[in-house]
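K.L.:
Prediction below, plus the sequence it came from.
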Amino acid sequence: MASLETIKLPDIGVSGKVEIIEVLVEAGQTVEAETSMLTLESDKATMEIPAPKSGKIVELLIKVGDQVGTGDPIATMESATESAGESAHAAAEPAPSAPKAVATAAATAAPVAAPSDMNADHQCDVVVLGAGPGGYTAAFRAADLGKKVILIERYEKIGGVCLNVGCIPSKALLHVSGILNETCEMGSHGITFAEPKIDLDGLRGFKNGVIDKLTGGLKQLAKQRKVTILHGVGQFASANHIRITAADGSQTTVQFEHAIIAAGSQPVKLPFIPHDDPRVIDSTGALELADIPKRMLIIGGGIIGLEMAQVYASLGSKITIVELADNIIPGADKDLVRPLLKDIKKRYENIYLGSKVTGVTATAEGLDVTFEGKSAPATDRFDKILVAVGRTPNGRKLNLEAAGVTVDQRGFIPVDARMQTNVPHIFAIGDIVGQPMLAHKAVHEGKVAAEVICGMKSAFTPITIPSVAYTDPEIAWAGKTEDQLKEEGIAYEKGAFPWAASGRSLSIGRDEGLTKALFCAETHRLLGVGIVGPNAGELIAEAVLAMEMGADMSDIALTIHPHPTLSETLGFAAEMAEGTITDLLPPKKR
């Protein structure tokens, strides 16, 4: 006996609509529960949507290019009705996690009491699962507020993805890349350098030295705060116990009063790519710098893919980028992306926009790739492939059902502004609670969770969270983008200052930049800022502060910036919006 039902898009942790970039199943196909059905692309990441149950796809209600949001129908499925025996077995299993609607009400309930029949090797006030930037921040803040804290990390070094295989090593390599590019560009300034010699061992040593210094410092900070660090894979055994499995297979159990889940995310794997081939790498593999391939394909034109493209291109690889969207870095406005796209089109072998990879075959001669799209060839061969299509949360790897914590179909954990899950004494932060998956977001969420546990009135309510692509030139934006303002029908005024009119920009030989400020047409309050050019990631901080403080265009225009600097371009952008600019002709009078 079978039933027909409509499968709807689950809560994906993103407001508004996102684009379907790939459909991974077809009508008539039988799928198992958790089989990836389609791939979506948001501002910061690509995410796969799994089947909620096993069954046969009767009809697909969507296609590539559609914009969908939470609750939209995506397919009809024929699922087999469970037998009476299966129902009886299900009744004996732990109850399923409470739906999101119930989670809010459950947050006011008393903490779950620890089972008396479970032995524990360690006890603490607060256990933090995951030692990335959000996790160690939460642990240190809770310890500073007087709590006994245990920090659990699966790897040998704390610091998580960001410090070990993400933000920090990539920025170290991007620094080297920037130096290499700059020495080449100095020829037009009358200075010529000899051809650089690349010592991969030395480069890896530099990168690893940066990592060791930071992770070693964190270890000392933990010791000084008397935070206990336990290494191994942590999973919940109950609402008050976490069981840790070490690398040697031994197990220990931690009993806690409060828990903060900071278990992060992992790179998305595409099902049609041979990930077991060492020539296929993710961002972690790219940062290992095992070799410098002659020809390298990067699947994904987002921030991670473009940063790694820059590193390998500067070291000598011929780079090809394939991106399903019609532009690189889809979350940013096109005028911000344009200078970068113009530059890399000259430096990289190929950039295929509006295109996708449909298959990869590993041969002794290389990786044979098939493409679809308006700009890509039918086939090509590469020495190495970097898959950089986003990250997926680790929520379904923690046995959270044992603690009664709600996890959605994507693996995200719903939380409120206090970072509290549906189980009142268990909190979650960072990538695992939703977009954007950024370390600086996780850090602030970690502080909030620790402070709430310690009885403080704290909440995570930022006006904006900045995004940065550390490419050359850098691209940074915060608040509303111009595309978002148009989509939402918000009346705005724009002030854009081209760096070709900046004395500082011209003096460093970089005139391709732009600073754009967007203001409410009625109140003149700052709504968003976008910057492209050297050090854009540093410059965006002033804009973030201005938005948090409720600044308007006059506040920014009247702020005296040092001259000549790149920072003054934000003031000039505000002057462009209000019509008081003197360094250029004002676009209009106010």
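P.N.:
Sure thing, it's come through. Given the structure is predicted, the values throughout are model-derived calculations rather than measurements.

K.L.:
For the rest of this, base every contact and every neighbour count on C-alpha atoms.
P.N.:
Will do.

K.L.:
Quick check: closest non-adjacent residue to the spatially most central residue of the chain.
P.N.:
Closest to where the C-alpha atoms of the chain average out (CA atoms, centre = their mean) is Met437, at 3.1 Å. Nearest residue to Met437, sequence neighbours excluded (CA to CA, 6 or more residues apart in numbering): Asp431, at 4.7 Å.

K.L.:
I'd assumed the one you found was in a helix, is it?
P.N.:
Yes. Counting by DSSP: H, G, I helix; E, B strand; the rest coil, Asp431 falls inside a helix.

K.L.:
Where does Thr559 fall, secondary structure wise?
P.N.:
Thr559 is located outside every helix and strand, with elements delineated by DSSP states H and E.

K.L.:
show me where the stretch 351-500 of the chain has helices.
P.N.:
Along the stretch 351-500 of the chain, the segments classed as helices by DSSP state H, counting those that start in this stretch run 439-453, 482-487.

K.L.:
And the contacts of the shortest one?
P.N.:
The list of residues contacting helix 482-487 from outside it, by CA atoms under 8 Å, 6 or more residues apart in numbering, reads Asp333, Ala491, Tyr492, Leu518, Gly528.

K.L.:
hmm, which two among the residues you listed are most spread apart?
P.N.:
Spatially, the most separated pair among these is Asp333 and Ala491, at 16.9 Å (CA to CA).

K.L.:
Between the two, point out the one with more neighbours.
P.N.:
The neighbour count for Asp333 versus Ala491, taken as other CA atoms under 10 Å, is higher for Asp333 (16 against 11).

K.L.:
that older thread, out of the helices of the stretch 351-500 of the chain, deepest packed?
P.N.:
Highest mean neighbour count among these (mean count of other CA atoms under 10 Å): helix 439-453, with a mean of 24.

K.L.:
Pull the distance from that one to the chain's centre.
P.N.:
Remark: helix 439-453 is offset 17 Å from the chain centroid, using CA atoms, centre = their mean, to the nearest Å.

K.L.:
so what secondary structure elements neighbour that helix?
P.N.:
With contacts taken as 3 or more CA pairs under 8 Å, 6 or more residues apart in numbering; DSSP states H and E, helix 439-453 sits against helix 133-144.

K.L.:
quick one: strands adjacent to the helix or strand following the helix it packs on?
P.N.:
Remark: after helix 133-144, the chain's next helix or strand is strand 149-153, criterion DSSP H and E. Each strand paired with strand 149-153, and its direction, by DSSP bridges: strand 122-129 (parallel), strand 228-231 (parallel).

K.L.:
out of those strands, which comes closest to Ala237?
P.N.:
When the strands paired with strand 149-153 are compared by CA to CA, strand 122-129 sits nearest Ala237, at 13.1 Å.

K.L.:
Name the residues that touch the closest one?
P.N.:
Here strand 122-129 makes contact (CA under 8 Å, 6+ apart) with 135-136, 138-139, 142, 147-153, 234, 252-263.

K.L.:
Could you do stretch 320-328 as well?
P.N.:
Here stretch 320-328 makes contact (CA under 8 Å, 6+ apart) with 21, 295-302, 334, 337, 341, 348-357.

K.L.:
Check the separation of the first and last residues in that stretch.
P.N.:
Stretch 320-328 has its terminal residues 13 Å apart, counting by CA to CA, to the nearest Å.

K.L.:
how about that stretch: buried residues?
P.N.:
Judged by neighbour count using 16 or more other CA atoms under 10 Å, the buried positions of stretch 320-328 are Thr320, Ile321, Val322, Glu323, Leu324, Ala325, Asn327, Ile328.

K.L.:
I'd like the list of those residues that fall within strands, please.
P.N.:
Taking DSSP state E, the ones among these that sit in strands are Thr320, Ile321, Val322, Glu323.

K.L.:
and the gap between the nearest residue to the third one once chain neighbours are set aside and Phe427?
P.N.:
Put plainly, it is Val322. Excluding the flanking residues, the one nearest Val322 by CA to CA, 6+ apart is Tyr352, at 4.7 Å. Using CA to CA, one gets 42 Å for the distance from Tyr352 to Phe427.

K.L.:
of the two, who's got more company?
P.N.:
With neighbours defined as other CA under 10 Å, Tyr352 and Phe427 compare such that Phe427 has more, 30 against 24.

K.L.:
The more buried one and Glu257 touch, don't they?
P.N.:
No. Look at Phe427 against Glu257 with CA atoms under 8 Å: they stay out of range, at 11.5 Å.

K.L.:
By mean pLDDT, point me to the weakest helix or strand of the protein.
P.N.:
One helix or strand of the chain scores below all others by mean pLDDT, DSSP states H and E: helix 100-106, with a mean of 32.

K.L.:
Between helix 133-144 and the lengthiest helix in the chain, find me the angle.
P.N.:
Counting by DSSP state H, the longest helix found in the chain is helix 200-224. For helix 200-224 against helix 133-144, the angle by axes from the mean of the first three to the mean of the last three CA atoms, to 10 degrees is 30 degrees.

K.L.:
and Cys520, how many residues sit next to it?
P.N.:
Neighbour number of Cys520 under other CA under 10 Å is 18.

K.L.:
buried stuff in the biggest strand by length in the chain?
P.N.:
What stands out as the longest strand in the chain, according to DSSP E, is strand 251-261. Neighbour counts over strand 251-261 (16+ other CA under 10 Å) mark Thr252, Thr253, Val254, Gln255, Phe256, Glu257, His258, Ala259, Ile260, Ile261 as buried.

K.L.:
isn't the fifth one right next to His241, touching?
P.N.:
Right, Phe256. Yes. Using CA under 8 Å, Phe256 makes contact with His241 at a distance of 6.3 Å.

K.L.:
Could you dump the buried residues of strand 251-261 into JSON lines and include distance to Met553?
P.N.:
As requested, these are exported to JSON lines (distance: CA to CA, whole Å):
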{"residue": "Thr252", "distance to Met553": "57"}
{"residue": "Thr253", "distance to Met553": "56"}
{"residue": "Val254", "distance to Met553": "53"}
{"residue": "Gln255", "distance to Met553": "53"}
{"residue": "Phe256", "distance to Met553": "50"}
{"residue": "Glu257", "distance to Met553": "48"}
{"residue": "His258", "distance to Met553": "45"}
{"residue": "Ala259", "distance to Met553": "43"}
{"residue": "Ile260", "distance to Met553": "40"}
{"residue": "Ile261", "distance to Met553": "40"}
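
K.L.:
just to revisit the earlier point, tabulate the helices of the stretch 351-500 of the chain in CSV, adding columns for mean pLDDT and distance to Val532.
P.N.:
Shown next, in CSV, are the helices of the stretch 351-500 of the chain (pLDDT from 0 to 100; distance: least, CA to CA, whole Å):
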stretch, mean pLDDT, distance to Val532
helix 439-453, 98, 20
helix 482-487, 96, 14
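
K.L.:
what's the closest of the ones you listed to Glu401?
P.N.:
The closest of these to Glu401 is helix 439-453. By CA to CA, the value is 21.0 Å.

K.L.:
residues making contact with the closest one?
P.N.:
133-135, 137-139, 141-142, 145, 162, 258, 260, 418-420, 425, 427-431, 457-460, 465.

K.L.:
Give me the pLDDT value at Leu174.
P.N.:
For Leu174, the pLDDT comes out at 93.

K.L.:
Regarding it, what is its secondary structure?
P.N.:
Leu174 carries the three-state label helix when classified by three-state DSSP.

K.L.:
Would you check that it makes contact with Tyr312?
P.N.:
No. Taking contacts as CA under 8 Å, Leu174 lies outside contact range of Tyr312: 9.6 Å.

K.L.:
Check the burial of Gly489 by counting its neighbours.
P.N.:
9.

K.L.:
next one: phi and psi at it?
P.N.:
phi 70, psi 30 (degrees, to the nearest 10).
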